[in-house]
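1. Sequence plus predicted model, see below.
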Amino acid sequence: MKIKPLADRVVVKPIEAEERKSGGIIIPDTAKEKPMQGKIVAAGPGKISDAGEKVPMEVKEGDVVLYGKYSGTEVTIDGEDFLIMRESDIFAII
């Protein structure tokens, strides 16, 4: 994959939830919730503050993060689904 996000944006590969619940029930694709965890595969250089200084990113490539359910923009690159979102849409690093 060759993608380079700009400013404070990151490219996240969503981590799918398990297909089977603890009781053995299999959840169909239509009933699944959107994943809220993912692995960062690319990160931008950081944003420029109002004072003109570059603010470095707190997340880096390889971090597993939690983000909002409807955060980011879904894109498909080389047949794989990714999300492009701002660093501020990320809640925590796991």
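-> Good, I have the coordinates. In this text the structure is predicted, and so the values were computed from the model without any measurement.
2. Point out where the chain drops to low pLDDT.
-> Judged by pLDDT under 70, the chain has its weakly predicted residues at 1, 17-24, 27-34.
3. so where do the strands sit in it?
-> Across the chain, reading from the start of the chain, the strands by DSSP state E fall at 9-14, 37-43, 47-48, 54-55, 64-67, 73-77, 80-86, 90-93.
4. Could you export these as TSV, including mean neighbour count?
-> C-beta: built from backbone N, CA, C; applies to glycine. Output for the strands of the chain, formatted as TSV (neighbours: other Cβ atoms under 10 Å):
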stretch	mean neighbour count
strand 9-14	22
strand 37-43	19
strand 47-48	14
strand 54-55	12
strand 64-67	18
strand 73-77	10
strand 80-86	17
strand 90-93	14
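5. ok, residue 58 touching residue 87?
-> Yes - counting by Cβ atoms under 8 Å, residue 87 is a contact partner of residue 58 at 6.8 Å.
6. okay, the strands of the chain in JSON lines with distance to residue 2 next?
-> JSON lines is the format used below for the strands of the chain (distance: least, Cβ to Cβ, whole Å):
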{"stretch": "strand 9-14", "distance to residue 2": "11"}
{"stretch": "strand 37-43", "distance to residue 2": "9"}
{"stretch": "strand 47-48", "distance to residue 2": "23"}
{"stretch": "strand 54-55", "distance to residue 2": "24"}
{"stretch": "strand 64-67", "distance to residue 2": "22"}
{"stretch": "strand 73-77", "distance to residue 2": "9"}
{"stretch": "strand 80-86", "distance to residue 2": "13"}
{"stretch": "strand 90-93", "distance to residue 2": "23"}
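7. The residue nearest in space to the middle of the chain and residue 75, how far apart?
-> Within the chain, the residue whose C-alpha comes closest to the C-alpha centroid is residue 12; the distance, by Cα atoms, centre = their mean, is 3.1 Å. When Cβ to Cβ, to the nearest Å is the yardstick, residue 12 and residue 75 sit 10 Å from each other.
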